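Peer 1: Sequence below, structure please.
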Amino acid sequence: MNFSSDQLQAVHHTEGPCMVIAGPGAGKTAVVTERVWYLTREKGIDPEHILVITFTRAAAAEMESRYLKRSGKKDGVTFGTFHSVFFQILRQEYGFTADGILKDGERLNLLSAVLRRLYPELDFDAEILNGLLAEISRIKNNRLDPEKSTFSGKQIRLGEVIARYEQEVERSGRLDFDDMLVMTYRLFIKKPEVLKKWQERYQYIMVDEFQDINQVQADTVYLIARPRHNLFIVGDDDQSIYRFRGARPEIMLEFAKNFKAVKTVKLEVNYRSEEAVVRAAGAVIRHNKARYAKKIRAGKKGGGEVVIRRFRDEIEECEETAELIRKTEKEGVPLDRIAVLVRTNHGALQVLSTFVERGIPFVTRDKVPNIFRHFVCRPLFGYLNYVTGIRTRENFLKFMNCPNRYIRREDLKLPTVDLQQLASELSKDPERNWMGKRMQQFEAQLRLLAQLKSPFAMINYVRKGLGYDAYVREEAENKGRDAEELLNVLDAVQESAREYKTISDWYAHIAAYTKKLDDTLRERGEIPKGKVMVSTLHASKGLEYDTVFILDVNERILPHEKSTDAESIEEERRMFYVGMTRAIRKLHLFSVSERYGKKMEESRFMKEVRQSDRVVFFT
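Peer 2: Numbers count the residues shown, from 1 in each chain. Reported below is the predicted structural model:
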């Protein structure tokens, strides 16, 4: 590979701290591996003294593979993720084994046991438990004071929960995944002699994707790098999009404050994308204030094209996306060189449904949950199943008290449920005869529901006429959930039914969609051949495609409605920037005027794209 003068500056840096600010498509992986070669072969550094850390096993494996292909053998250089490197340290110092790491299910069980003892009056399901584990991870990874942290909607003392949880982990003799980071830091602080041993071992440290680092990772790496300070970091502050995992872009922005005489190298040539894409992305990201100034330019020949379009609604948007994908394929672009990016997994429902209907093969980058299996949909489908003939006790239990109708399980004595018979029996009970009339009213409501026929109208009646939306709001408040998020799920499910005249047709679509999604999930991890990639913006990082579609570039979606302060808006803008710079040749940016029957405003980010003069095409 021919390296530019800027790239060679980075490669040939040997002693002292160095920060390489590498924009999208700047060839940073090649720079890192070439520097390892330079240190070992040109400077004679013992490979055992070199540590290369990145954030994913795939990235670490790719760097090691490139280096081994050139060196021809393993010579002692350590390539690994933060977790794998820190685990090796703990294994040597404490004797931990891989079997001793708690699996996700085991972590949930331990946390659930702690919460049941501390808060027996509260209800904790898997979603809330996962949210709590994520919050505990954030606190640990950023070395925050848990006493000053709260968990949304629940009166939970996080300090006490974390202390009890750590006691349970210690009692189990196992190791929590997040604790690998914290324990390594604590080990070095408590035992200077152990720290010194590892400082002697790793005298040259290189960290890739430094913008994604969290506080405990940074602090531990800084400890190992002392006193030589041969710390070489590579990253792009404009691509820091994992704050929800604990990543803090401020760490990279403040790097020079932690080390004296830091050499800074900027890699400002994008060798991936053509000029229109580079210019449009630059017009967006320059609006962020917390960033290093850069002048990213295209190093690839060809003008490229950025297309902005606004559609009536998400159905029209996804239909046109499917049409354009088929057109792009006919122009000679393989389907696996095309990506469709969305802000959230729920945002993928309509496009995936359209692809199923149109027969467009796809693969998902994320583990996309089947929205039709979401817990908030269980009572909804219970209602619909009942009026279409499924009168089993099991199905009736899904919705009978959603909202609360004071029906008891013991009232249902038979395998099937007949509401007229139930009303008659309750009317004979002197203490509950008032329930008889209620059951008659409920039976009349369900008869009306059955007469509607259209699945869209049926869902609307369940939500509004039978009070299911109000029930969801009340339950969300009681259980510390986000009511709007749950109602958005119901909006998406209801919208998916709009085009179907009968419930059987809609159910057939759901069955086809579910089978396709299940097949796709089984294929995750395989190299997609001849299939369009559908991914969230978060998961698209590090990938590249000839043609990229970004859907729903609307206010409340991108930026997300929960992003209300300047800091979170800048993170949303970085996420959009990451998505834009996945495109090599053509970038489609779509928005809608209406979504789920609600008026939508074009994203402020789209207005910023329009400032990219002469290189954005409007159709």
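
Peer 1: in the stretch 501-619 of the chain, which spans are helices?
Peer 2: 503-523, 537-540, 566-580, 604-609 (DSSP state H, counting those that start in this stretch).

Peer 1: for the lengthiest strand in the chain, packing partners?
Peer 2: Longest among the strand segments of the chain by residue count, using DSSP state E, is strand 583-592. Counting contacts by 3 or more CB pairs under 8 Å, 6 or more residues apart in numbering; DSSP states H and E, strand 583-592 packs against helix 275-285, strand 305-311, helix 314-330, strand 545-550, helix 604-609. The way it works is simple: take the backbone N, C-alpha and C, and place the C-beta from them, glycine included.

Peer 1: can I get the helices of the stretch 501-619 of the chain in a markdown table with distance to residue 265, mean pLDDT and mean neighbour count?
Peer 2: Listed next are the helices of the stretch 501-619 of the chain as a markdown table, based on distance: least, CB to CB, whole Å; pLDDT from 0 to 100; neighbours: other CB atoms under 10 Å:
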| stretch | distance to residue 265 | mean pLDDT | mean neighbour count |
| --- | --- | --- | --- |
| helix 503-523 | 40 | 88 | 15 |
| helix 537-540 | 26 | 92 | 21 |
| helix 566-580 | 21 | 96 | 22 |
| helix 604-609 | 28 | 94 | 19 |
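
Peer 1: now those helices as TSV including distance to residue 135?
Peer 2: Converted to TSV, the helices of the stretch 501-619 of the chain look like this (distance: least, CB to CB, whole Å):
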stretch	distance to residue 135
helix 503-523	27
helix 537-540	18
helix 566-580	16
helix 604-609	28
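
Peer 1: re the thing from before, who does the longest strand of the chain pair with, and is each partner parallel or antiparallel?
Peer 2: strand 305-311 (parallel), strand 545-550 (parallel) (DSSP bridges).

Peer 1: Next, the angle from the first one to helix 314-330.
Peer 2: Read that as strand 305-311. 150 degrees (axes from the mean of the first three to the mean of the last three CA atoms, to 10 degrees).

Peer 1: Okay, the most centrally placed residue in the chain and residue 428: tell me how far apart.
Peer 2: A centroid search over the chain (CA atoms, centre = their mean) returns residue 538, at 5.3 Å, as the residue closest to the centre. Here residue 538 is placed at a distance of 58 Å from residue 428 (CB to CB, to the nearest Å).

Peer 1: swap in residue 183?
Peer 2: 65 Å.

Peer 1: you'd agree residue 132 is up against residue 108?
Peer 2: No: the criterion here is CB atoms under 8 Å, and residue 132 misses it with residue 108 at 9.4 Å.

Peer 1: about what we covered before: how much distance is there from the longest strand of the chain to the middle of the chain?
Peer 2: 21 Å (CA atoms, centre = their mean, to the nearest Å).

Peer 1: hang on, the earlier thing: tell me which of the strands paired with strand 583-592 sits most buried.
Peer 2: Among these, strand 545-550 has the highest mean neighbour count (mean count of other CB atoms under 10 Å), at a mean of 24.

Peer 1: and it with helix 566-580, angle?
Peer 2: Going by the same axes, to 10 degrees, strand 545-550 makes 140 degrees with helix 566-580.

Peer 1: Nearest spatial neighbour of residue 593, chain-adjacent residues omitted?
Peer 2: Once flanking residues are discounted, residue 593 sits nearest to residue 312: 5.7 Å by CB to CB, 6 or more residues apart in numbering.

Peer 1: Strands of the stretch 401-550 of the chain, residue ranges please.
Peer 2: 532-536, 545-550 (DSSP state E, counting those that start in this stretch).

Peer 1: Could you check how far residue 290 is from residue 540?
Peer 2: 22 Å.

Peer 1: List the residues that contact the nearest residue to residue 158 once chain neighbours are set aside.
Peer 2: Excluding the flanking residues, the one nearest residue 158 by CB to CB, 6+ apart is residue 146, at 4.5 Å. Each residue near residue 146 by CB atoms under 8 Å, 6 or more residues apart in numbering is listed here: 139, 158-159, 161-162.
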